[in-house]
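Chemist: need a 3D model of the following:
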Amino acid sequence: MSVGILILIVLGLALLGYFVGRQRALSKAANEGRKLHSLPSYYGQFLALFTAVPALILLAAWLFVQPMLIESHVSGLIPDSAIPEGGARSLVMSDVRRIADGLDALMEQGGLGEEDLTRMRADLTNIRSRLAEVGIALGSNVPVEVFDAAKTYRSEKNTGSLLMTIAVLGLSLASGGWAFMRIRPELRARNNSETFVKALLLGSSLVAILTTVGIVGSLLFETFHFFQIYPAKDFFFSTVWNPQFRGGSDLGILPLLWGTFYVSFVALVVAVPIGLMIAIYLSEYAGRALRNLAKPAIEVLAGIPTIVYGLFALITVGPFLRDWIAQPMGLGTSSSSVLTAGLVMGIMLIPFVSSLSDDIINAVPQAMRDGSYGLGATQSETIRQVILPAALPGVVGAILLAASRAIGETMIVVLGAGAAARLGLNPFDAMTTVTVKIVSQLTGDTEFASPETLVAFALGLTLFVFTLGLNVLALYIVRKYREQYE
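Modeler: You can find the predicted model right below:
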């Protein structure tokens, strides 16, 4: 049974439990001639919550733990001789999962039976052709042990899914039955239900915290592993980025940081003035009809996928800057450049700056405007000398949030700025950023024990520290502003 169907069944039982619990409370009150402590709906909610929530929590925990246990067991069944020279057990396990998925697909199509699967061996050529029918391509050097491990993986996964279905439905019925037996007129259903909901809300709020802790923990662990095999001094202070997967790599972060900040600076130079002027016009000069039309139109820019911006940089902006500015002035011959990525990224950031700044400017009390006009100031003088100084903390916060968004951008840089890690001031040179190299170092069949791959986690942790610092600073400034005017 699929997870989706199982969830629907549990939710259906919870819905049924709501009506059953409500009806039981009413019938109990009528038979005993007593008044219900809570509204009838609370009794139904009490039964529905106990029917669904424990079962769904078990389901989530099972889905998290089961793959780790199965992979740990199956991985131990693969002998070292089945791992190719220079390869990794994790890569072999990816082949095991692919073969297991292919076998499941063949079973669903009816082209394979359990007895056929038992007799199959990986050294039979028809196995590869059968798996190719469902889109699973196997090389000629896949060992027999890998195929046997895939059969074991599939068997244990299916057995685990069956046990999960039984356990989840059993817990749902058991907890629902226990809650059903507790329903009587004197039950404080509202208190129990609200306590249960409060616990759910608390658990939901902890998800974000635990996710952040998990992200930081994984980055710290792998970064620590990286610095055990690569000197931290060379990583932080070297000006050369030259990864070689055969060894002897130079993994200095300085060229990547320079490219990241250079591209982000160009983007902010474009986005901040334009976005701020848009915000001033919409909040102070534009009529209501124009504002209602222009603001949503500008915010559409924020919803365009970044890959579309990247294609725009690659096809339109880059060739234009090369043919009309860089080549005539002798500054470069490549369409991939810092200026290309910065201009397009700046266009993408305009709605971030304009929308946030517009809301902040509108939050300035009208009394400050009226006082300025009463002293004889013009509208432009009021904007320059009253409104902008009052809104400055919030505007700075909006700019810092836009900067953190620019630092984390990937696709626009890949297609617009290229992948060359270099230090330079020429905006028409191709450069790259931290995020681009994180992607490139983790792309393909890589060995996770090598510094060339683990460096991606060190890059990610460095980027996380920078963006976190900008976000904290922005939130601090915005919060200080709100405390002043709300």
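Chemist: drop to CA atoms for contacts and neighbour counts, all remaining ones
Modeler: Fine.
Chemist: buried stuff in the host helix or strand of residue 27?
Modeler: Assessed by DSSP states H and E, residue 27 sits inside helix 3-32. Neighbour-count burial for helix 3-32, with 16 or more other C-alpha atoms under 10 Å as criterion, is recorded at 6-7, 10-11, 13-15, 17-26, 28-29.
Chemist: average pLDDT for the longest helix belonging to the chain, rounded please.
Modeler: The longest helix of the chain (DSSP state H) is helix 189-229. Helix 189-229 shows a mean pLDDT of 86.
Chemist: on that earlier part again, where's the helix holding residue 27 relative to the chain centroid, distance-wise?
Modeler: 36 Å (C-alpha atoms, centre = their mean, to the nearest Å).
Chemist: from the chain's centre, how far out does the helix or strand just after it sit?
Modeler: Later in the chain than helix 3-32, the nearest helix or strand by DSSP H and E is helix 40-77. Its chain's C-alpha centre and that of helix 40-77 lie 23 Å apart, by C-alpha atoms, centre = their mean.
Chemist: any idea of the angle helix 40-77 forms with helix 189-229?
Modeler: 20 degrees (axes from the mean of the first three to the mean of the last three C-alpha atoms, to 10 degrees).
Chemist: strands of this structure, start to end?
Modeler: Assigned by DSSP state E, the strands in the chain fall at 241-242, 250-251.
Chemist: which other helices and strands does the last one contact?
Modeler: With contacts defined as 3 or more C-alpha pairs under 8 Å, 6 or more residues apart in numbering; DSSP states H and E, the secondary structure elements packing on strand 250-251 are helix 232-237, strand 241-242.
Chemist: can you rerun that using 10 Å?
Modeler: Here strand 250-251 touches helix 232-237, strand 241-242, helix 451-485, going by 3 or more C-alpha pairs under 10 Å, 6 or more residues apart in numbering; DSSP states H and E.
Chemist: mind putting those into JSON lines with mean neighbour count?
Modeler: Formatted as JSON lines, those follow (neighbours: other C-alpha atoms under 10 Å):
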{"stretch": "helix 232-237", "mean neighbour count": "14"}
{"stretch": "strand 241-242", "mean neighbour count": "16"}
{"stretch": "helix 451-485", "mean neighbour count": "18"}
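Chemist: closest to residue 282 out of those?
Modeler: Taking C-alpha to C-alpha, helix 451-485 is the member of those nearest to residue 282, at 20.7 Å.
Chemist: between helix 189-229 and that closest one, find me the angle.
Modeler: Computed by the same axes, to 10 degrees, the angle separating helix 451-485 from helix 189-229 equals 130 degrees.
Chemist: now do the same contact list for residue 459.
Modeler: Contact analysis of residue 459 by C-alpha atoms under 10 Å, 6 or more residues apart in numbering lists 219, 223, 235, 253, 256, 257, 434, 435, 437, 438.
Chemist: ok, so of those residues, who is nearest residue 317?
Modeler: Within the contacts of residue 459, the smallest distance to residue 317 is 21.6 Å, found for residue 435 (C-alpha to C-alpha).
Chemist: residue 348: what's it in contact with?
Modeler: Contact partners of residue 348, counting by C-alpha under 10 Å, 6+ apart, are 267, 270-271, 299-306, 309, 342, 402, 405-406, 412.
Chemist: quick one: buried ones out of those?
Modeler: For the contacts of residue 348, a neighbour count by 16+ other C-alpha under 10 Å gives the buried set as 267, 270, 271, 299, 301, 306, 309, 342, 402, 405, 406, 412.
Chemist: and the gap between the nearest residue to residue 339 once chain neighbours are set aside and residue 173?
Modeler: Spatial nearest neighbour of residue 339, excluding adjacent residues (C-alpha to C-alpha, 6 or more residues apart in numbering): residue 427 at 5.3 Å. Separation of residue 427 from residue 173 (C-alpha to C-alpha, to the nearest Å): 66 Å.
Chemist: could you do residue 206 as well?
Modeler: Counting by C-alpha to C-alpha, the separation of residue 206 from residue 173 is 27 Å.
Chemist: check residue 440 too.
Modeler: In terms of C-alpha to C-alpha, residue 440 sits 49 Å off from residue 173.
Chemist: just the pLDDT for the nearest residue to residue 21 once chain neighbours are set aside.
Modeler: Of all residues not flanking residue 21 in the chain, residue 44 sits nearest, at 4.3 Å (C-alpha to C-alpha, 6+ apart). Turning to residue 44, the model gives it a pLDDT of 90.
Chemist: numbering from 21 from now on, please.
Modeler: Sure thing, new numbering starts at 21, so read that last one as residue 64.
Chemist: so residue 64 touches residue 44, yeah?
Modeler: Yes: contact criterion C-alpha atoms under 10 Å: residue 64 and residue 44 qualify, at 8.7 Å.
Chemist: common neighbours of the two, please.
Modeler: Contact criterion C-alpha under 10 Å, 6+ apart; residues shared by residue 64 and residue 44: 38, 200, 203.
Chemist: which among those gets closest to residue 183?
Modeler: Set against residue 183, the nearest of the shared contacts of residue 64 and residue 44 by C-alpha to C-alpha is residue 200 (25.1 Å).
Chemist: got a list of what the closest one touches?
Modeler: Contacts of residue 200 were listed using C-alpha under 10 Å, 6+ apart, and they are 37, 40-41, 44-45, 63-64, 66-68, 70-71, 194.
Chemist: distance of it from residue 81?
Modeler: Between residue 200 and residue 81 the computed distance is 25 Å (C-alpha to C-alpha).
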